[in-house]
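Student: I would like to see how this sequence folds:
(chains A, B, C and D)
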Number of protein chains: 2
Amino acid sequence: MGKRHISLKDLAHELGVSISTVSRALKNHPDISPEMTKKIKALAEERNYTPNPLAMGLLRQQTKMIGVIVPDINTHFYSSIISGIEKVAKEHGYFIVITSSNESMQKEIESVENLLKSRVEGLIVCLSQETNDFTHFEKLIRNEIPLVFFDRVCEELEVPAVLANGQDATKKITQHFFKNGCKRIAYISGPEHLNISQNRKVGYLNGLKECGLEYDQDLLIHCNLSIEDAKLATQKLLRLKNKPDAIFGVNDTIAFAAMIEVKKQGYKIPDDISLAGFTDEFHSIVVDPPLTSVSHPTFQMGEEAAKLFFESIEKETNINKKVMLPIDLVVRESSVKKQ
Amino acid sequence: MGKRHISLKDLAHELGVSISTVSRALKNHPDISPEMTKKIKALAEERNYTPNPLAMGLLRQQTKMIGVIVPDINTHFYSSIISGIEKVAKEHGYFIVITSSNESMQKEIESVENLLKSRVEGLIVCLSQETNDFTHFEKLIRNEIPLVFFDRVCEELEVPAVLANGQDATKKITQHFFKNGCKRIAYISGPEHLNISQNRKVGYLNGLKECGLEYDQDLLIHCNLSIEDAKLATQKLLRLKNKPDAIFGVNDTIAFAAMIEVKKQGYKIPDDISLAGFTDEFHSIVVDPPLTSVSHPTFQMGEEAAKLFFESIEKETNINKKVMLPIDLVVRESSVKKQ
DNA sequence: AAGGTTTTCGCAAAGCTTTGCGGAAATAAA
DNA sequence: TTTATTTCCGCAAAGCTTTGCGAAAACCTT
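Tutor: Take a look at the predicted model:
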């Protein structure tokens, strides 16, 4: 046991000077003589002194912690975003506390409470797919606690956010399918109330219109963001008398699930059914056939989210800035028919 | 701005009593009269009081933080382990600070320093693939700062650790290949100094021996844990005059990379070359053909690591307990020849 | 009514750092 | 030698909580 860290007091005691002298010397205060400063710095170096962040936090009323809430930590999408946040946080001398809502609103609410108890200075969050009530965030806003959303946001709330341009992406995918000869393009979307679902639906509809295709509501399915639900949704599509010749999923999980199901039922990809997803997993390469997908700039999304956060902190007021990031369509074999 | 959190002082002031009275009332100290206690608790509830963790930390000399260092945060393997750690940490009222070494020893050293500066109470770490010097950990041990390793460990150091039984797993894989008619079983291993590489090599050799196969050193390649290096290693194996009829990789990244390369060169899996990996990614299912692999109990590894950590904390002494977790071989199509 | 008990609460210190202010010593000036 | 400056450093408070100890008030006893 013993003491693991030494304090200014220890240094002061060892040198026979006061604590304040040590403190000042360490930050080159002119009040302290050069020799004394030198002596103190030498000892501090030798003893490996670092200021106690708890004491500093108490004094400055700040913990240098950011709370991060993601729906799921075990996917490349979120862990990559987290990396981006972490990088910028580190540059500002902050560190992040990560919690997962597991796509549950209840857990999300608990996370907010727990993080606040831990005195994080603010929150960076991606909504759970269940979240349709926002009182737990409204409280934050009233108390002027910095809050930033990313990817999934609540558009009614005046909260800074970083978004990917899903509307543009779905439009591009739809057009891409059309150019490759697809006429019945299906779309497996996420829960209807999520902003990403809505935006992407708009892009999908716009894409259809521009291609002169008619919207068939049978080809648009909303489902929860789980493998099981996505498989069921795919089955539903494949049971249609007038089957789709292209399917794209609202995220990576759904795209992969659809691929499994399509293959299982013996359809050839892309010749029978073309496929595309929203993903930037490297696995889209190793999958067979390689999956056409729109790649999110995940790391950058994290960086931007953190930047917005620090703007909020510095301005000491709630800014309401939205950052929209472009998405690239990466065409691979799953959507290019050979015939 | 204003004050975002209220303190005992605020409550005391509002009620016209002293801080200590409030503090005692909140923990049902018998010195405080029932009515006073009731009144104080009611106000605390209303004002939503929670103790300031900074002040508590300063008092108790503990931050309730655990530092976690992983080689890479963007893989399911590590994020799943982190989830396990986080769960147990939460149960103990701790939270975790995650940093990534990016497989670099230099970054690992910096991480240790930074986490210590942040006054984490201890560290849970998985060594970077580069790490061959351990002075930064020896210092921790000397200072009796709790330390737990997982997966990749330093066997010279007396540090509690949780391991997966890779030796057993590689033996099983080797035998499985043999039973399926493979005679020239290749193994792409990781950096030679890593304990996981060594253990798995032993299992590989034992497996060969039990099957009556001879060890051909051409079939054992050490390479860095990156896609690029793994592709090169695979190319090297495929250039052999006496080619392998089975390949397994030391982790998921390598297995997938090998699959890409094998396919690219036009070999049929599993008929020409069988494949297996170490992974528990759900993507091993969606890959074509589905990849035979040993599944790590990642979440459990995280839990066990955290448990060891808290044993160290409670015992206030460095225990040296190793926990060995079994690994399951999950046979899929990539290793079952049809002929 | 006076002394003794019990009940109920406040003071102060400790944990660590920063910083305004005041004070002592040293130097310069008169 | 005395006064005025300058140089160098320490006191103390603030930020928040816990807790040993002491003290005031209320009660009971005789």
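Student: ranges for the helices of chain A?
Tutor: Counting by DSSP state H, chain A has helices at residues A:8-15, A:19-26, A:34-47, A:53-60, A:76-91, A:105-117, A:135-142, A:166-179, A:195-211, A:227-239, A:252-264, A:283-286, A:298-315.
Student: least reliable of those going by mean pLDDT?
Tutor: Here the lowest mean pLDDT among those goes to helix A:283-286, at a mean of 68.
Student: Residue A:300 against residue A:84, yeah?
Tutor: Yes - the pair residue A:300 and residue A:84 qualifies as a contact (Cβ atoms under 8 Å) at a distance of 6.3 Å. (Each C-beta comes from the backbone N, C-alpha and C, glycine too.)
Student: on that earlier part again, go through the helices of chain A and name the closest to residue B:162.
Tutor: Of all these, helix A:76-91 sits nearest to residue B:162, with 21.4 Å by Cβ to Cβ.
Student: if we can go back for a sec, have a look at residue A:300 and residue A:84 and say which one is more surrounded.
Tutor: Using other Cβ atoms under 10 Å in any protein chain shown as the criterion, residue A:300 and residue A:84 rank with residue A:84 on top: 22 against 17.
Student: Skipping adjacent residues, who's closest to that one in space?
Tutor: Leaving aside its chain neighbours, residue A:84 sits nearest to residue A:302 (2.2 Å; criterion: Cβ to Cβ, 6 or more residues apart in numbering or on different chains).
Student: Domain ranges for chain A, per the record?
Tutor: A:8-51, A:63-164+A:298-326, A:166-295+A:329-335 (automatic domain parsing).
Student: Using TSV, lay out those domains together with distance to residue B:135.
Tutor: As requested, those are arranged in TSV below (distance: least, Cβ to Cβ, whole Å):
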stretch	distance to residue B:135
domain A:8-51	14
domain A:63-164+A:298-326	24
domain A:166-295+A:329-335	35
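Student: Quick check: which of those domains is nearest to residue B:60?
Tutor: domain A:63-164+A:298-326 (15.2 Å).
Student: quick one: terminal-to-terminal distance for the closest one?
Tutor: The first residue of domain A:63-164+A:298-326 is 34 Å away from its last residue (Cα to Cα, to the nearest Å).
Student: hmm, it in reach of DNA strand D?
Tutor: No - Domain A:63-164+A:298-326 stays clear of DNA strand D (Cβ under 7 Å from any atom of the strand), getting no nearer than 9.6 Å.
Student: Tell me how far that domain lies from the chain's centre.
Tutor: Per Cα atoms, centre = their mean, to the nearest Å, the displacement of domain A:63-164+A:298-326 from the mean C-alpha position of its chain is 8 Å.
Student: quick one: it near DNA strand C?
Tutor: No - on the criterion Cβ under 7 Å from any atom of the strand, domain A:63-164+A:298-326 is out of touch with DNA strand C, staying 13.2 Å away.
Student: just checking, residue A:92 touches residue A:309?
Tutor: No - contact criterion Cβ under 8 Å: residue A:92 and residue A:309 do not qualify, at 9.0 Å.
Student: Quick check on the two: which one has the bigger neighbour count.
Tutor: residue A:309 (26 against 15).
Student: for the residue nearest to that one when sequence neighbours are not counted, what are its contacts?
Tutor: Among residues not flanking residue A:309 along the chain, residue A:148 sits closest, at 4.8 Å (Cβ to Cβ, 6+ apart). Residues near residue A:148 by Cβ atoms under 8 Å, 6 or more residues apart in numbering or on different chains: A:122-125, A:159-162, A:305-306, A:308-309, A:312.
Student: would a markdown table of the helices of chain A with distance to residue B:51 be doable?
Tutor: Shown next, in a markdown table, are the helices of chain A (distance: least, Cβ to Cβ, whole Å):
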| stretch | distance to residue B:51 |
| --- | --- |
| helix A:8-15 | 25 |
| helix A:19-26 | 26 |
| helix A:34-47 | 31 |
| helix A:53-60 | 13 |
| helix A:76-91 | 25 |
| helix A:105-117 | 9 |
| helix A:135-142 | 20 |
| helix A:166-179 | 43 |
| helix A:195-211 | 37 |
| helix A:227-239 | 42 |
| helix A:252-264 | 40 |
| helix A:283-286 | 45 |
| helix A:298-315 | 24 |
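Student: Go through those helices and name the closest to residue A:97.
Tutor: Smallest distance to residue A:97 across these (Cβ to Cβ): 6.4 Å, for helix A:105-117.
Student: And the closest residue to chain B within chain A, how close does it get to residue B:82?
Tutor: Proximity of chain A to chain B (Cβ to the nearest Cβ) peaks at residue A:288, 3.1 Å away. Distance of residue A:288 to residue B:82, computed by Cβ to Cβ, to the nearest Å: 30 Å.
Student: Which one's more surrounded, the two?
Tutor: The residue with more neighbours, out of residue A:288 and residue B:82, is residue B:82; 26 against 16, by other Cβ under 10 Å.
Student: DNA strand D versus the more buried one, what's the distance?
Tutor: 30 Å (Cβ to the nearest atom of the strand, to the nearest Å).
Student: quick one: that residue and residue B:68 touch, right?
Tutor: Yes - using Cβ under 8 Å, residue B:82 is in contact with residue B:68, at 6.5 Å.
Student: nearest spatial neighbour of residue A:306, skipping sequence neighbours?
Tutor: Leaving aside its sequence neighbours, residue A:306 sits nearest to residue A:88 (Cβ to Cβ, 6+ apart; 3.5 Å).
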